[in-house]
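> 3D model of this:
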Amino acid sequence: MSETLRVPGATLHYDVRGTGPAVLCIPGGPADGNSFTRLAAELAPHHTVISYDPRGLSRSAIDGAPGEDLIGLLADDAHRLINAVTDQPAHVFASSGGSMAGMELLLRHPDQIRGLIMHEPPMTSLLPDQEDEARRTAAMDEAYRTGGAFAAIAVFLEGTGLGGPAEPPQEPTPEMREQMAAMKPNLDFFFQYLMHATGDYRPDYDRLRSLTGRITVAVGEDSGDQLACRAAVALAEHLGLTPVTFPGDHGGFDEHPAAAAELVRKLLSQS
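Predicted structure coming up:
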């Protein structure tokens with residue numbers, strides 16, 4: 001079931017599948033609710049799964065610029081979205097940069113959240129190589145300024161270790177061109193607003209530590225030395241938690257949905 005929800009400054013597009021305790025899925029980076037399609041299908045027999053496009057991405061139109069506190073706005077959007085679907089506390093599964101909204105949601109509305117699973121939250125501010133992080137960010141900004149969204153995403157993938165092996169250039173097919181055109185507005189929003197909001201986010205760690213009984217930090221078993229995995233491990237250590245290993249890498253919950261859903265259900269039952 002697809003619905004829309006009017007929130008201050010935006011209209012959110014969301015989908016609801018299944019029945020049972022609610023699970024809100026928060027995508028990261030320029031991704032939208034479609035990144036959870038396979039995981040949601042696996043969770044739906046036992047849970048009401050809410051997936052959505054965050055404000056400014058895909059089908060969730062935003063009214064003008066997002067303002068200074070974008071992470072706060074995203075957290076408030078998630079809060080209102082849960083209220084629109086259920087009057088009961090919900091679980092949250094957040095991917096990558098969506099984890100920042102998940103943490104802020106838990107901090108602002110702790111009574112609304114039963115448990116928060118963060119899959120590879122890129123809390124790079126906790127890593128020791130802050131000069132390297134500043135250079136990565138500057139390189140992406142420069143690539144976006146001079147070459148646009150697709151040049152910047154290439155630098156992003158290389159800098160975070162998420163890019164695959166280099167392949168010879170090839171002429172895009174009509175289908176590839178269509179996909180690239182559809183993705184460009186999301187990439188523009190990411191590089192103009194989301195990337196910096198995610199990197200600048202500093203949660204109240206003392207309050208988060210008081211809520212660690214409801215927090216799970218997850219890492220991909222195949223992520224190796226990728227930036228988001230290292231940052232997730234750093235966050236877990238900062239909160240006094242042991243990371244839980246999921247199948248695959250940064251997008252493993254989508255690549256291995258059945259195994260990921262089984263693990264999610266186990267973690268939710270412990271919340």
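> Show me where the stretch 151-271 of the chain has its helices.
With DSSP state H, counting those that start in this stretch, the ranges of helices along the stretch 151-271 of the chain come out as 174-189, 195-200, 205-209, 227-239, 252-255, 257-270.
> possible to save those helices as a markdown table with mean pLDDT, mean neighbour count and distance to Thr146?
Any C-beta I mention is one placed from the backbone N, CA and C, and that applies to glycine too. What follows is the helices of the stretch 151-271 of the chain, written out as a markdown table (pLDDT from 0 to 100; neighbours: other C-beta atoms under 10 Å; distance: least, C-beta to C-beta, whole Å):
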| stretch | mean pLDDT | mean neighbour count | distance to Thr146 |
| --- | --- | --- | --- |
| helix 174-189 | 80 | 14 | 15 |
| helix 195-200 | 96 | 18 | 16 |
| helix 205-209 | 97 | 13 | 37 |
| helix 227-239 | 97 | 21 | 23 |
| helix 252-255 | 96 | 20 | 32 |
| helix 257-270 | 94 | 17 | 38 |
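> of all those, which lies closest to Arg114?
helix 257-270 (7.5 Å; C-beta to C-beta).
> which residues are in contact with that closest one?
Contacts to helix 257-270, defined as C-beta atoms under 8 Å, 6 or more residues apart in numbering, come from residues 21, 23, 38-39, 41-43, 46-47, 91, 93, 114-115, 117, 216, 244, 246-248, 252-254.
> circling back to that earlier point, in JSON lines: the helices of the stretch 151-271 of the chain, plus distance to Asp15.
Shown next, in JSON lines, are the helices of the stretch 151-271 of the chain (distance: least, C-beta to C-beta, whole Å):
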{"stretch": "helix 174-189", "distance to Asp15": "17"}
{"stretch": "helix 195-200", "distance to Asp15": "24"}
{"stretch": "helix 205-209", "distance to Asp15": "29"}
{"stretch": "helix 227-239", "distance to Asp15": "25"}
{"stretch": "helix 252-255", "distance to Asp15": "15"}
{"stretch": "helix 257-270", "distance to Asp15": "16"}
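> Please name whichever of those is nearest to Phe150.
That would be helix 174-189 among the helices of the stretch 151-271 of the chain, by C-beta to C-beta, at 7.1 Å.
> burial of the nearest residue to Ala197 once chain neighbours are set aside, as a residue count?
Once flanking residues are discounted, Ala197 sits nearest to Leu70: 4.0 Å by C-beta to C-beta, 6 or more residues apart in numbering. Counted with other C-beta atoms under 10 Å, residues neighbouring Leu70 total 22.
> can you pull the contacts of Leu70?
With contact taken as C-beta under 8 Å, 6+ apart, Leu70 is in contact with 193-194, 197.
> Go again with 10 Å.
Each residue near Leu70 by C-beta atoms under 10 Å, 6 or more residues apart in numbering is listed here: 54-56, 100-101, 193-194, 196-198, 200-201.
> Check His119 too.
Residues near His119 by C-beta under 10 Å, 6+ apart: 26, 28, 93-96, 98-99, 102, 216-220, 228, 232, 244, 246, 250-253, 260, 264.
> re the thing from before, among the helices of the stretch 151-271 of the chain, which comes closest to Val16?
Comparing these by C-beta to C-beta, helix 257-270 comes nearest, at 16.8 Å.
> Buried subset of the contacts of helix 257-270 as a PyMOL selection?
Selection of buried members from the contacts of helix 257-270 for PyMOL, criterion 16 or more other C-beta atoms under 10 Å:
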select buried, resi 21+23+38+39+42+43+46+47+91+93+114+115+117+216+246+247+248+252+253+254
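> For stretch 65-74, measure first residue to last.
Terminal residues of stretch 65-74 lie 13 Å apart, using C-alpha to C-alpha, to the nearest Å.
> For this structure, just list every one of the strands.
Assigned strands in the chain, in chain order: 2-7, 10-17, 22-26, 48-53, 90-95, 113-119, 215-220, 244-246 (criterion: DSSP state E).
> what about the ones you listed, which gets the closest to Asn186?
Taking these one by one with C-beta to C-beta, strand 48-53 is closest: 8.9 Å.
> elements contacting that closest one?
strand 2-7, strand 10-17, strand 22-26, helix 37-43, helix 70-85, strand 90-95 (3 or more C-beta pairs under 10 Å, 6 or more residues apart in numbering; DSSP states H and E).
> Fine by me, thanks again.
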